[in-house]
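[1] My questions concern the predicted model and sequence given below.
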Amino acid sequence: MSVNANPETTVGGIFWENATWTLDNSPYIVTDTVQIPENVVLTIEAGVVVESALSGSEDSMFLVHGKIVARGTADDKIVFDGGCTATGFSQDPESYGSSFFVTGGASDPQLILDNCVIKNGNRFYWGTRGHLNLTNSELTNLGLTFWGYIGRSQIYYPGQDVYIQNNLFINTTGFEIANLNADVFIRCNLFTENRGPLVWNTQGGESRTFINYNSFIDVSETVLRLSTLDDNVILDATNNYWGTTNTGTIDSWILDGNDDINIRGFIEYSPILTEPHPDTPTLCTHIEVCGIINSNTTWVQNNSPYIFTGPVGIAEGVTLTIESSVTVNFVDYYLEVNGTLRAQGSNTNKIFFTSDASNGQLNTPSIRFRSISTSWNEQTGSGSIIENAVFDSVGVSVSGVSLKINNNSFGGGYFGSNPVSVNEGSNAVISNNTIDGTGSDSWGVGIDCGGDALICDNIISNWITSGVRISGGSPIIEGNLIVNNTGSQQTGGGGIRIDWAESTPIIRNNTIAQNKVGINLINGPWPVIVNNNIQDNTNYNIYVQTNNVVGNPEHAINVTYNWWGTIDVSSINQAIYDFKNDFNLGTVTFVPFLTEPNPEAIPIPEFHSWILLSLLLTTTLLVILCRRKLTKTSRQQSYLEPNNRALLKTVFF
């Protein structure tokens with residue numbers, strides 16, 4: 001045995017003792033057939049790569065008289081790469097053509113392969129008397145031709161039952177089987193682009209071969225075949241999916257006694273599956289989409305990811321449904337909704353919206369709802385909704401329609417646009433989302449609202465300009481945690497920016513903290529700001545800007561009944577920029593104020609790592625929602641009676 005562990009491990013020869021190939025020493029380069037004697041076990045860890053450097057076309061990577069156990073995982077498969085010359089696992093070093101695995105010997109050799117990738121070689125397996133268990137693996141580009149001989153894998157006289165289940169075979173030759181005393185189970189596999197028979201049963205005896213619940217896709221030539229050598233072969237091929245129910249077509253893929261009188265057996269294949277068995281793997285493909293969707297359509301996980309090759313539109317009166325676990329890559333394009341979009345994942349199986357957006361581009365890809373699209377109706381549960389989705393550099397824009405955006409996360413960077421934009425005349429419910437500006441450019445805000453939205457129970461953080469910008473309408477902003485937004489008074493930013501004289505937002509029960517500016521009031525807005533925790537903002541808690549609000553009582557700004565992180569009047573006053581700082585501005589009235597934090601607002605995290613904000617939101621909201629007595633309907637009502645709230649103390653001066 002030879003081993004050289006840095007920077008790669010070369011292996012070959014006889015392993016006289018048990019051995020483990022580890023991920024740390026991967027890749028393993030096979031320079032000579034690795035031989036495993038009887039009573040010796042070779043264990044291969046998940047994620048290991050094994051590559052062939054064999055020079056001879058008849059060399060096998062492994063000769064197994066003992067046992068190989070190679071168990072990968074779905075995320076860390078073990079890779080065996082034959083380099084287009086080697087065969088894999090063999091029992092006979094003098095076999096025709098190379099093999100990945102050859103088994104044999106006086107005892108009962110065992111080969112256990114799970115979650116492996118076996119590719120680029122001749123036959124996968126040449127086995128006599130051995131036990132093979134091949135599951136959850138991918139086999140591609142196998143069965144090279146030498147001197148006119150096609151390298152089929154061979155299962156000869158196994159000592160135990162053989163299991164080949166839940167595998168994907170692409171562009172491979174099949175198995176030649178001679179089983180006298182053990183059964184062979186070939187179940188729930190996907191075979192596509194075959195070269196020659198996928199199963200050729202040559203000898204039977206007391207045993208049987210079961211070929212059930214497989215999918216045969218894009219096959220040609222003969223798929224199943226019996227031999228003329230034995231009239232005692234029993235092959236059960238019922239309950240397979242052939243991609244067709246045309247028995248004439250299926251018959252053309254089967255070679256048995258119906259085709260050659262020298263073959264004395266017959267292959268029974270009825271009943272036929274009309275769709276793939278749910279336990280059978282599917283091809284890892286994708287769907288390219290572009291243009292207008294003119295009929296009701298569902299995007300499903302099995303066809304995911306869906307990749308845009310141009311702008312995509314949903315026509316008026318048409319519904320696009322996106323199922324859980326689907327990934328949609330917008331690349332550089334957008335989805336325009338004139339009909340209905342229902343994108344509903346689950347708490348455990350999200351929908352993923354991604355793009356190729358990068359800093360410096362003009363606009364981040366987005367989902368754009370137009371005024372003729374179908375509004376969300378909470379009572380009937382109908383209309384457009386986006387729920388339980390992950391947005392990675394993809395935004396949502398709403399124009400003149402009602403939309404529900406619930407329990408999503410937005411991140412990954414936004415450039416020249418915003419994750420959520422509600423335009424004039426729109427009415428959206430934006431609830432329970434995490435909206436993170438990390439990596440975005442200097443223009444973006446978390447939520448840009450010019451309509452009558454309900455913005456509640458969100459975490460909005462790390463925006464260079466503003467967490468929320470109000471540019472019109474009468475939105476309700478309630479129960480949010482708005483933190484660590486770094487826009488200053490000079491840039492017109494802050495936790496919340498309100499910059500339209502006719503905008504009348506209601507801002508209540510929020511925690512607005514650790515921003516550079518808590519609330520930035522521009523151009524004379526008339527907000528209702530009550531029962532919030534507005535504290536620990538670096539520059540100012542409230543900043544009044546522009547001369548549209550002149551210094552007289554008629555233009556006083558009422559921010560009473562809020563908690564400011566202190567009960568010291570002078571400290572509260574110093575954190576407010578108004579008439580006392582610039583006589584062209586109005587006066588901010590903050591007395592009476594709360595003497596303790598509002599318990600219905602999300603508390604400020606005691607740590608400064610915003611990575612854990614989503615966990616904080618989940619746990620905190622459960623507590624808050626249990627304590628709240630208000631229903632969703634009551635959120636639409638005025639909330640200006642703090643004296644009726646027993647938990648909130650006020651102080652008058």
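    The structure has been received and is ready for your questions.
[2] need the contact list for the residue most central in space within the chain.
    Closest residue to the average C-alpha location of the chain: Phe352 at 5.5 Å, with Cα atoms, centre = their mean. Going by Cβ atoms under 8 Å, 6 or more residues apart in numbering, Phe352 touches Val326, Thr327, Val328, Ala389, Val390, Asp392. Heads up, the C-betas are built off the backbone N, CA and C, glycines and all.
[3] so which of the residues you listed would you say is closest to Tyr306?
    Checking these against Tyr306 by Cβ to Cβ gives Val328 as the nearest, at 4.9 Å.
[4] Could you report the neighbour count for that closest one?
    Counted with other Cβ atoms under 10 Å, residues neighbouring Val328 total 25.
[5] Show me what it bridges to in the sheet.
    Residues in a beta bridge with Val328, per DSSP bridges, are Tyr306, Phe353.
[6] any idea of the pLDDT on it?
    On the pLDDT scale, Val328 is placed at 96.
[7] Quick check: it vs Leu335, distance?
    Val328 sits 8 Å away from Leu335, going by Cβ to Cβ, to the nearest Å.
[8] next one: Asn562
    Computed as Cβ to Cβ, the Asn562 to Leu335 distance reads 40 Å.
[9] Which of those two has more residues huddled nearby?
    Legend: neighbour count by other Cβ under 10 Å for Asn562 and Leu335, higher for Asn562 (28 against 24).
[10] who's in contact with the residue lying closest to the more buried one once chain neighbours are set aside?
    Leaving aside its sequence neighbours, Asn562 sits nearest to Asn532 (Cβ to Cβ, 6 or more residues apart in numbering; 4.9 Å). Contact analysis of Asn532 by Cβ under 8 Å, 6+ apart lists Ile507, Arg508, Asn509, Asn510, Thr511, Ile512, Asn562, Trp563, Asn598, Ala601.
[11] Need the phi and psi values for Asp24.
    Dihedral pair for Asp24: phi -60, psi -30, per degrees, to the nearest 10.
[12] Local confidence estimate at it?
    Per the predicted model, pLDDT is 93 at Asp24.
[13] Need the pLDDT of the nearest residue to Ile36 once chain neighbours are set aside.
    Leaving aside its chain neighbours, Ile36 sits nearest to Gly66 (4.3 Å; criterion: Cβ to Cβ, 6+ apart). You'll see Gly66 listed with a pLDDT of 92.
[14] measure Gly66 to Gly82 for me?
    21 Å.
[15] out of those two, which sits in the busier spot?
    Ranked by neighbour count (other Cβ under 10 Å), Gly66 and Gly82 place Gly82 first, with 28 against 21.
[16] Surely that one touches Val117?
    No - using Cβ atoms under 8 Å, Gly82 is not in contact with Val117, being 11.2 Å away.
[17] hang on, the earlier thing: hang on, the residue nearest to Ile36 packs against Pro109?
    Yes - counting by Cβ under 8 Å, Gly66 does reach Pro109; the two are 6.3 Å apart.
[18] Need the residues touching each of those two.
    Joint contacts of Gly66 and Pro109 (Cβ under 8 Å, 6+ apart) are Ile36, Glu38.
[19] buried residues in the helix or strand harbouring Thr20?
    Using DSSP states H and E, Thr20 sits within strand 19-21. For strand 19-21, a neighbour-count test (16 or more other Cβ atoms under 10 Å) marks Ala19, Trp21 as buried.
[20] so what does that strand touch, helix or strand wise?
    If contacts are counted by 3 or more Cβ pairs under 8 Å, 6 or more residues apart in numbering; DSSP states H and E, strand 19-21 sits against strand 41-44.
[21] Show the subsequent helix or strand relative to the strand it packs on.
    Going down the chain from strand 41-44, the next helix or strand is strand 49-52, by DSSP H and E.
[22] quick check, distance from that next one to the centre of its chain.
    Relative to the chain's own centre, strand 49-52 is displaced by 29 Å; criterion: Cα atoms, centre = their mean, to the nearest Å.
[23] Strands along the stretch 201-350 of the chain, start to end?
    Using DSSP state E, counting those that start in this stretch, the strands of the stretch 201-350 of the chain run over 209-212, 215-217, 224-226, 235-236, 254-255, 287-293, 297-299, 306-314, 319-322, 327-329, 335-337, 340-344.
[24] so which of the ones you listed gets nearest Ser26?
    Closest to Ser26 of the strands of the stretch 201-350 of the chain, according to Cβ to Cβ: strand 327-329, at 28.7 Å.
[25] Please tell me I have it right and Asn510 contacts Val483.
    No - using Cβ under 8 Å, Asn510 is not in contact with Val483, being 10.3 Å away.
[26] Of the two, which one has the most company?
    The residue with more neighbours, out of Asn510 and Val483, is Asn510; 33 against 24, by other Cβ under 10 Å.
[27] buried sites along stretch 451-458?
    By 16+ other Cβ under 10 Å, the buried positions in stretch 451-458 come out as Gly451, Asp452, Ala453, Leu454, Ile455, Cys456, Asp457, Asn458.
[28] Okay, now the unreliable bits of the stretch 251-400 of the chain?
    Residue ranges of the stretch 251-400 of the chain with pLDDT under 70: 284-285, 357-363.
[29] still on that earlier bit, can you pick out the most distant pair from the contacts of Asn532?
    Farthest pair in these (Cβ to Cβ) is Ile507 and Trp563. Separation: 13.4 Å.
[30] Those two: which has the busier surroundings?
    Neighbour count, other Cβ under 10 Å: between Ile507 and Trp563, Ile507 has more, with 27 against 22.
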